[in-house]
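>>> Requesting a structural model of the entry that follows:
(chains A and B)
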Amino acid sequence: MPLDKSIKKVLVIGSGPIVIGQAAEFDYSGTQACRAIEEEGIDVVLVNSNPATIMTDRGMANQTYIEPLTAEYVEKIIQKERPDSIIAGMGGQTGLNLACELYDNGVFEKYNMKVIGTSIPSIKEGEDRDSFKRLMERTNQPVAPSEIVTNLDDGIAFAKQIGYPVIVRPAYTLGGTGGGIAENPEQLETILSQGLHLSRVGQVLLEKSIKGWKEIEFEVMRDGAGNCITVCSMENVDPVGVHTGDSIVVAPSLTLADKEYQMLRKAAIDIINSIEIKGGCNVQFALDPESFNYAVIEINPRVSRSSALASKATGYPIAKIAAKIALGYNLDEIKNAVTGKTYACFEPTIDYIVTKIPKWPFDKFFGAKRSLGTKMMATGEIMAIGNTFEASLLKGVRSLEIGQFTLERKSSKERSTVELKQRVIVPDDERLFDLAELIRRNYNMEKLAEITGMDPFFLKKIKNIVDAEEDLKKLTLGDLDRDTLKRYKKMGFSDKGIAELTGCRANDVFDLRVKLGVTPVYKMVDTCAGEFEAVSPYYYSTYDDTTESFPSDRKKVIVIGSGPIRIGQGIEFDYCSVHSILALEKAGVETIIINNNPETVSTDFDTSDKLYFEPLTEEDVYNIILLEKPSGVILQFGGQTAIKLANFLDEMNVPVLGTQPKYIDEAEDREKFDEMLEKLGIKRPKGKAVWSVKEGVEEAGKLEYPLLVRPSYVLGGQGMEITRNEIDLVRYLTDAFAKDSKNPVLIDRYLGGREIEVDAICDGEDVLIPGIMEHLERAGVHSGDSISIYPPQNLTNDIIDKIVDVTYKIAIELKVIGMINIQFIEFRGELYIIEVNPRSSRTVPYITKVTNVPVIDIATNIMLGKKLKEMGYSTGIAKQTNTVAIKVPVFSTEKLPQVEVSLGPEMRSTGEVLGVGHSFTEAMYKGFVAAGTTIPKERSTILVTVRDLDKENFLPIAKKFAAFGCSFIATSGTAKLLSDNGIPVQTAKKISEGVPNVLDVIRSGMIDLIIDIPKKGNDIHSDGFKIRRTAIECDVTIMTSLDTVTALTDVMEKRYTSESVNVVSLSDIK
Amino acid sequence: MKAQLILENGARFVGDTFGAEKNIVGEVVFTTGMTGYQETITDPSFAGQIVTMTFPLIGNYGINLEDMEANRANLKALVVREKCDFPSNFRNEMNLADFLAQQGVVGLEGIDTRALTKIIRDVGAMKGVIMMGEPRDEDVKILMDSLDNSRVIMSTTADGIYTVNEKGSRHAAFIDMGAKQGIVRDLVKRDCKLTVFPADTDAEKIMSVKPDLVFLSNGPGNPLDAPGTVETVKKLIGKIPICGICMGHQIIGLALGAKTKKLKFGHHGGNHPVKDLKTGNVFITSQNHNYIVSDLPDDVEETFVNVNDGTCEGISHKTLPIMSVQFHPEASPGPLDTGWLFDRFLKEI
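So this is what the prediction gives:
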């Protein structure tokens, strides 16, 4: 059927903030869907609470709402915009759940809307555990013995019946939240009670463990006429037991014979046919490695992380095609944009091997429990393409930015064989390196397959790499002739890797390569293994002889992407990279992007003129530069990943557009930076680098407590801390020097003032500040974790003038061309500078949207040589817009066992939401709602524990809550404070005082809000740590800064409801 | 040892041999299937050909004795980027190299198969030789010129007449021009008794076993080279229901008065979309052919068409019980989406 002409206006729901299990892949799919719908001349109304996304840009949809993703708000938007259709599967689990809720509430019926694409009953059939089970029975598909339970007793009884281990899977949760494998009744009790609590419908599936089976996924498409195709198969290198989001995955499957492959493919198609999917669907199988037995694990009737990977792995744009199907088209009516000749109704066939490796946040969260299981913990992922498995894996490893260029890892080498064995049985993020080390020690390969459950094929491939590494160790640079070198390069070894193994410098290997003519060629990703001529400009490197990438004569610029999503470097940088590409395109320049993140818009094959899907290391980037000879490279938008390349590119005489590497270095080097501030007469908190405990104590005497202490070189997770007395300081320093005595510890005076942040654009003459952002939480909370307010609410004109002046001076002094980000503290009426980043920052998408200044567009044009004045801007702050817009951070801490919850100097948030209103409180209210914060009502119960330091400050806040009708529960110290001041309070036992204690109170579900102001974080044995962990694991809102609590009481006093506030579209912000 | 693949147009690829080591000449084609190399190696339709695998890693799951499409390998050589020497699969019985060696098939690895595929795509399927070491130009020419695939069907057709599944309730006369076992399996599964005939059997002989229908199998090469099979089918038209697959389809087409044409580089792989012209539904099919049926006479209708290039994928006679398809509903290797066609064959005929 061709286009359904009755569709005029479609509602698209996004996936909200980036959290573990739901990352940038939905910006990619949502953006593709919006474009696919708009190109048919159909209007799009978009709602997404996440301001860092490309899909929420002006111009992407006809009307965009950055509003909370709750049924109430979406209904308000529907009421206002009156779309006639909704597409449900583009916003991940969040979007899907919301669509189901609206459907159940009768909202679509009420507003006469139809659900296009896969219908809600079909979605429910796939998502609801019980109906899924019935569906499998109906379609004769095997599943592992399982039962839905809604209470603990039934669960224990069922487990007894099927036998342990059992897998616990809560219904309707992200990335397997609340799930796990229980080996015995005790473990089951813990995991199951948590799972029951976290499931939106109070349903949990208990399943007999099929741990050790192969995990295979298929991405399938089906149109309204029932035509089905499979886009791609994927095989998890880790067997069932590790969440697919935490597994190394290869595409296509590599260990299945045609009979097994076709058996699973047919099963996938039979399933999606029977529930009448209209769009894309993901089907996960477990396959017994010893027989044809298999079990369907689950299906996802929507675009997903796997569909993003499958799209990038094959070049087949799943989200786009799914959107076209929703609009009425059949697969054989949609052109394959990659070949321009064939149709979407075909199955991609590939002639390379794709490897996905997850990126875990354990470098930031040192204390976290790292073992991988059924709950996903990775924040992002990288994808690598090679025409051997070895090359694909090695490219993947170096894309992770963990300092690994080979499979030889220092930490693994230091482990005993016994320890290594234990570690590969219960995998964590270092399993690959532990495996390699065991293989290096000639551990029995058959035994290794047995204890890990991994297919011997993959283990042998890893052994190939290890053997090659050992061979290389026996060689020196001089031994490498052309054939030998080429062989190792074909296998995927980097210059750096070869250098490490042969004991020379990466440059030497590079020079030798150039001398011997061993240089890479680039092959095309074309969906069809070369069968048809393709027009897709999407490439990966190999060391074959024939290239397929031919540079044009046009003026061209390379934009370096930001790699995998991680804490501190998220989707914001992809936003910036994509916008820079768009600006370059507008300026008539050929655009080339290099990136390795399959979840992003920047790696969509039609974003830039050319896409190189490659690691972002010096060598890989330089190889492309040598081929393309661009007139410049842009680093400012790719976060630290790109900035790290500045000095190298400078050395190689590659023109870097914008701020020159020398000046970037000046901002990043603490000493040079201090000198510059001194010269400019700008204040910064006093501080010093110390080399011993004694020196530290002496310095502390001069500086005055409290002090902010941090290692100058972050190794082993020793974080930043605020120390308030000598005892704390000595403890910190002793600890820090014990871990690393070769580097100093930095001690700065801690100023507990107001934090302020600006992103500015400088052309060398003028400095434009799109807007000033004020942080809600005072200094000491990482800027990425603070609530950020635009326009500022509490700054005097004097301070604002100073901000403009200092920003101007620094930008001009650092000869900034393009973006700069500066963070300030206002303390006792003075302005101090705490950080300068000579690049685009994570607040850029936010400030762009709320100020209406096209920040990246301007900055890119400046890098191309334009002046601010030519574009109608000048020095100073851009015109303030008519709304208040507040960015609220969102955390994924509940997914990371044993990670500290409280706000502190180290960043922990994974994403953000925006609240837009006409006053501070209204915007704050929406921000809280969007972030999922519970706003207490009359008669809410609040659990409080406040450190001594803040007890006095807490009293007025407590009175406000009491006046509002809230009641308190507190542990003894805080309880005394409250009752002494006439505020009624119930006392809860501390953990050491027996049961039921404060943790039981939280678990009972009677607490609406927890206020816990910790003395210090990161001590997993403290009561506070346990309270905070219990709070987030039980999904109770917790606040750990009094500044946040104060904002909450301000909001409460206004008594907002979803009825009393209006939805604001981007076009309303003027 | 080192060996060279030299194409008719002069392109040369140097690789390492595995399997049998000997000089051979054949027609160079590629197949895009990502799984199913074992079926490809044993598929008689590849007889006389040098087959390039576009998937870069071949041999991962080894060779088992169950997934054979014929009792021996039929192609001349297998060209791969990388072969796997350590297969892993619960059914694995031997590795690829040993199987090829035992079957006398040359293997060539270390080839930039994508570059090779693109040449075939651009120039078309062409002759090629694989020669050990560094061959002299004269020797290349001699070997290249020696290629004659015109009698290739006789190398793959049944040796004599025999029956399969004696107890089957429907009786098919099965003209085996190099049949894949997948077709036999699918017919037997549907309770057919097969009397298998060589390609050069005449109509009288076929009719003498009193079959319920005649089934023409796939087979290698050009249908115009078939040894009188077209004439045989002409005589059978109107007397008995006839159906066919691939080469069988082309023979039926010619017998009905249609023409055949050679494609530039053929259809080889498991991802070809085919549209059922009756229902409008599209199916992903397994294909392996270099020739197509064209110029249909008025009493023959097209039933299936290739979505990518619009070529004919199936025909049926407007009034007589004759139908055939170009693609492979028996899969092996490839998608199982059109297995129902066997039911249609048997029901409608």
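
>>> What helix or strand is residue A:768 located in?
Residue A:768 is located in strand A:767-769, with elements delineated by DSSP states H and E.

>>> Check which element follows that strand along the chain.
Toward the C-terminal end, the helix or strand that comes next after strand A:767-769 (DSSP H and E) is strand A:772-775.

>>> May I have the strands that pair with that following strand, each with its orientation?
According to DSSP bridges, the neighbouring strands of strand A:772-775, each with its direction, are strand A:754-762 (antiparallel), strand A:788-790 (antiparallel).

>>> How about residues contacting that strand?
Under the criterion Cβ atoms under 8 Å, 6 or more residues apart in numbering or on different chains, residues A:754-758, A:781, A:783, A:786-795, A:800, A:803, A:843, A:846-847, A:877, A:887 lie in contact with strand A:772-775. From N, CA and C alone the C-beta is placed, and that goes for glycine too.

>>> which of those residues are buried?
The neighbour count (16 or more other Cβ atoms under 10 Å in any protein chain shown) marks A:754-758, A:781, A:783, A:786-792, A:795, A:800, A:803, A:843, A:846-847, A:877, A:887 as buried among the contacts of strand A:772-775.

>>> Quick one: residues in contact with the strand holding residue A:768.
For strand A:767-769, contacts defined as Cβ under 8 Å, 6+ apart pick out A:758-762, A:803-804, A:807-808, A:811-812, A:816, A:853, A:858, A:868, A:873-878.

>>> Tell me the buried residues in stretch B:189-202?
Using 16+ other Cβ under 10 Å as the test for burial, stretch B:189-202 gives B:190, B:192, B:193, B:194, B:195, B:196, B:197, B:198, B:199, B:201.

>>> Against which helices or strands is the helix or strand that contains the fifth one packed?
Put plainly, it is residue B:195. Taking DSSP H and E as the criterion, the element that holds residue B:195 is strand B:192-198. For strand B:192-198, the packing partners by 3 or more Cβ pairs under 8 Å, 6 or more residues apart in numbering or on different chains; DSSP states H and E come out as strand B:162-164, strand B:170-176, helix B:181-189.

>>> Could you single out the most deeply buried of these?
Sort the helices and strands packed on strand B:192-198 by mean neighbour count, taking mean count of other Cβ atoms under 10 Å in any protein chain shown, and strand B:170-176 sits at the top with a mean of 25.

>>> Report the strands that pair with that strand, each with its relative direction.
As defined by DSSP bridges, the strand partners of strand B:170-176 come to strand B:192-198 (parallel), strand B:213-216 (parallel).

>>> With mean pLDDT added, can I get those in TSV?
Formatted as TSV, the entries for the strands paired with strand B:170-176 read as follows, by pLDDT from 0 to 100:
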stretch	mean pLDDT
strand B:192-198	97
strand B:213-216	97
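
>>> the longest helix in chain B is where?
When secondary structure is assigned using DSSP state H, the longest helix within chain B turns out to be helix B:113-123.

>>> In the next helix or strand after it, which residues are buried?
Secondary structure here is assigned by DSSP H and E; on that basis, the next helix or strand after helix B:113-123 toward the C-terminus is strand B:126-132. In terms of neighbour count (16+ other Cβ under 10 Å), strand B:126-132 has its buried residues at B:126, B:127, B:128, B:129, B:130, B:131.

>>> Chain A: which of these is nearest?
The shortest separation between chain A and any of those is 16.0 Å, and it belongs to residue B:126 (by Cβ to the nearest Cβ).

>>> so what does the helix or strand just after the strand holding residue B:195 touch, helix or strand wise?
Note on strand B:192-198: by DSSP H and E, the next helix or strand toward the C-terminus is helix B:203-208. The helices and strands touching helix B:203-208, judged by 3+ Cβ pairs under 8 Å, 6+ apart, are helix B:229-236.

>>> so the helix it packs on versus strand B:170-176, what angle?
Angular relation of helix B:229-236 and strand B:170-176 on a 0 to 180 degree scale: 150 degrees, by axes from the mean of the first three to the mean of the last three Cα atoms, to 10 degrees.

>>> As PDB, could you dump the C-alpha coordinates of helix B:229-236?
Only the C-alpha atoms of helix B:229-236 are listed here, as PDB (Å, rounded to 0.1, in the frame of the first residue of the first chain):
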ATOM      1  CA  THR B 229      15.700 -32.200 -22.300                       C
ATOM      2  CA  VAL B 230      13.800 -29.300 -23.900                       C
ATOM      3  CA  GLU B 231      12.500 -31.600 -26.600                       C
ATOM      4  CA  THR B 232      11.500 -34.100 -24.000                       C
ATOM      5  CA  VAL B 233       9.500 -31.600 -22.100                       C
ATOM      6  CA  LYS B 234       7.900 -30.300 -25.300                       C
ATOM      7  CA  LYS B 235       6.500 -33.800 -25.900                       C
ATOM      8  CA  LEU B 236       5.200 -34.000 -22.300                       C
END
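
>>> ok, and what's touching it?
Contacts with helix B:229-236, where a contact means Cβ under 8 Å, 6+ apart, come from B:175, B:177, B:199-203, B:206-207, B:214, B:216, B:223, B:242, B:251-252, B:254-255.

>>> Just the buried ones among those, please.
By neighbour count, with 16+ other Cβ under 10 Å, the contacts of helix B:229-236 hold B:175, B:177, B:199, B:201, B:203, B:206, B:214, B:216, B:223, B:242, B:251-252, B:254-255 as buried.

>>> which residues touch residue A:290?
residue B:90.

>>> Quick check: the gap between it and residue A:65.
For residue A:290, the distance to residue A:65 (Cβ to Cβ, to the nearest Å) stands at 53 Å.

>>> Same question for the helix or strand hosting residue B:138: list its buried residues.
Take DSSP H and E as the rule and residue B:138 turns out to sit in helix B:137-145. Along helix B:137-145, the positions that meet the burial threshold by neighbour count (16+ other Cβ under 10 Å) are B:140, B:143, B:144.

>>> Just put those residues in a markdown table and tack on pLDDT.
Compiled in a markdown table, these are given as follows (pLDDT from 0 to 100):
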| residue | pLDDT |
| --- | --- |
| B:140 | 97 |
| B:143 | 97 |
| B:144 | 97 |
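
>>> Residue nearest the middle of chain B, spatially speaking?
Centroid-nearest residue in chain B: residue B:45, 2.8 Å away (criterion: Cα atoms, centre = their mean).

>>> which residues sit in contact with that residue?
Remark: with contacts taken as Cβ under 8 Å, 6+ apart, residue B:45 is in contact with B:74, B:178, B:180, B:218, B:219, B:220, B:246, B:247, B:288, B:289.

>>> Of the contacts of strand A:767-769, which belong to strands?
Using DSSP state E to define strands, the subset of those located there is A:758, A:759, A:760, A:761, A:762, A:876, A:877.

>>> And for residue A:555, the neighbour number?
Neighbouring residues of residue A:555 were enumerated by other Cβ atoms under 10 Å in any protein chain shown; the total is 14.

>>> Would you mind measuring from it to chain B?
When Cβ to the nearest Cβ, to the nearest Å is applied, the distance between residue A:555 and chain B equals 29 Å.

>>> any low-confidence regions in the stretch 1-150 of chain B?
Filtered on pLDDT under 70, the stretch 1-150 of chain B yields no residues whatsoever.

>>> Quick check: beta-bridge partners of residue A:251?
Per DSSP bridges, the residues bridged to residue A:251 are residue A:354.

>>> residues in contact with it?
Residues touching residue A:251, when contacts are defined by Cβ under 8 Å, 6+ apart, comprise A:232, A:233, A:234, A:235, A:309, A:310, A:313, A:314, A:350, A:353, A:354, A:356.

>>> Quote the end-to-end distance of stretch A:210-226.
Taking Cα to Cα, to the nearest Å, the first and last residues of stretch A:210-226 lie 32 Å apart.

>>> tell me which residues in stretch A:996-1006 are buried?
A:997, A:998, A:999, A:1001, A:1002, A:1003.
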